[in-house]
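>>> My questions concern the predicted model and sequence given below.
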Amino acid sequence: MKTLIELSSGIGKRRRELGLKQSDMLMKIGMSQQQYQRVEAGHDIRVSTLLRVLEGMGMELLIAPREQVRHLENLLRPGEHDYDLKPADPDWQDEVKESSWSSMLKEFEDE
């Protein structure tokens, strides 16, 4: 997500998936319907407010280097794995075709 509109749309979609109404946010995260409505409308909000909303929705904020975003998005797509994706960084070595768990464990071993 790169824009406030995309972010707010994703939050609204998640709320609906959870079967919640905007008015439920008062009980869920202590935010009035009017305050929460501004979030879904794409208004500029504080990071602390965003984190509070995400916590209430069971979501996490992930910040990643731009050159690794496509790779991370691929790993997060359930059931779809394209291990040939490489970040834009020309020094990045080709990904070995193995499970994502094996890759993660290997990274920890290298430290």
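Looks like it arrived, so ask away.
>>> In this structure, where is pLDDT below threshold?
The model of the chain has pLDDT under 70 over residues 79-111.
>>> and the lengthiest helix in the chain, what does it pack onto?
Of all segments of type helix in the chain, defined using DSSP state H, the longest is helix 4-17. On a contact count with 3 or more C-beta pairs under 8 Å, 6 or more residues apart in numbering; DSSP states H and E, helix 4-17 meets helix 33-40, helix 47-56. (C-beta placed from N, C-alpha, C; glycine too.)
>>> what's the closest non-adjacent residue to residue 38?
If you skip the residues right next to it in sequence, residue 38 has residue 45 as its closest partner in space, 6.9 Å away by C-beta to C-beta, 6 or more residues apart in numbering.
>>> Mind putting the helices and strands packed on helix 4-17 into a markdown table with mean neighbour count and distance to residue 2?
Shown next, in a markdown table, are the helices and strands packed on helix 4-17 (neighbours: other C-beta atoms under 10 Å; distance: least, C-beta to C-beta, whole Å):
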| stretch | mean neighbour count | distance to residue 2 |
| --- | --- | --- |
| helix 33-40 | 17 | 17 |
| helix 47-56 | 16 | 15 |
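>>> Could you check how far residue 68 is from residue 36?
Note on residue 68: its distance to residue 36, by C-beta to C-beta, to the nearest Å, is 32 Å.
>>> If you could redo that for residue 8, that was the one I meant.
Going from residue 8 to residue 36 by C-beta to C-beta gives 11 Å.
>>> just residue 76 next, same as before
Counting by C-beta to C-beta, the separation of residue 76 from residue 36 is 26 Å.
>>> circling back to that earlier point, pull the number of nearby residues for the residue nearest to residue 38.
16 (other C-beta atoms under 10 Å).
>>> still on that earlier bit, quick check: angle from the longest helix of the chain to helix 47-56?
Inter-element angle recorded for helix 4-17 and helix 47-56: 30 degrees (by axes from the mean of the first three to the mean of the last three C-alpha atoms, to 10 degrees).
>>> Now do the buried residues in the next helix or strand after helix 4-17.
Next in sequence after helix 4-17, counting helices and strands by DSSP states H and E, comes helix 25-29. When neighbours are counted by 16 or more other C-beta atoms under 10 Å, the buried residues of helix 25-29 are found to be 25, 28-29.
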